[in-house]
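Visitor: Provide a 3D model corresponding to the input given below.
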Amino acid sequence: MRFWYKRSFEKACQRHPLQTQRLIAETLFQVKVWYQTQQAPVGLRIKKLYQGSNGKVFEARVSLDLRLIWVEHQETVWFSIVGSHEAVQRFIRSFR
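Guide: Model (predicted):
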């Protein structure tokens, strides 16, 4: 599995405080481990949000109010959004 980061994702991560950036980095690490082992910590709460011809959209929980969104297509994972629940909903609507 190859992992890529959209430029907008990287910029969104940089806008958060350092402590939140650490949480995001830990969540990214846990998602990559999940792809290798198919086992994730309970708090990560990985959910498949959408599946279509463009791939599968997943969500993981960084904190109570922050979500990490990625798209899996064939053997590639694109980390797309780090944001609130509302940002996730907007992304899903635009993806369909």
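
Visitor: hey, C-alpha coordinates of the host helix or strand of Arg90 in PDB?
Guide: Assigned by DSSP states H and E, Arg90 belongs to helix 85-95. Extracted in PDB, the C-alpha atoms of helix 85-95 (Å, rounded to 0.1, in the frame of the first residue of the first chain):
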ATOM      1  CA  HIS A  85     -17.600  16.600  11.300                       C
ATOM      2  CA  GLU A  86     -19.000  19.400   9.100                       C
ATOM      3  CA  ALA A  87     -15.900  19.400   6.900                       C
ATOM      4  CA  VAL A  88     -16.200  15.600   6.500                       C
ATOM      5  CA  GLN A  89     -19.900  15.900   5.500                       C
ATOM      6  CA  ARG A  90     -19.000  18.600   2.900                       C
ATOM      7  CA  PHE A  91     -16.200  16.300   1.500                       C
ATOM      8  CA  ILE A  92     -18.500  13.300   1.200                       C
ATOM      9  CA  ARG A  93     -21.100  15.400  -0.600                       C
ATOM     10  CA  SER A  94     -18.500  16.600  -3.100                       C
ATOM     11  CA  PHE A  95     -17.100  13.100  -3.600                       C
END
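
Visitor: now the farthest one out in the chain, which residue is it?
Guide: Among residues of the chain, the one most distant from the C-alpha centroid is Ser53; the distance is 18.9 Å, by CA atoms, centre = their mean.

Visitor: so, low pLDDT: which residues of the chain?
Guide: Filtered on pLDDT under 70, the chain yields the residue ranges 95-96.

Visitor: rewinding a little: what about the residue farthest from the centre of the chain, distance to Val71?
Guide: Remark: distance between Ser53 and Val71 (CB to CB, to the nearest Å) = 12 Å. Every residue, glycine included, has its C-beta placed from N, CA and C.

Visitor: so Ala12 sits in a strand?
Guide: No. Using DSSP: H, G, I helix; E, B strand; the rest coil, the assignment for Ala12 is helix, not a strand.
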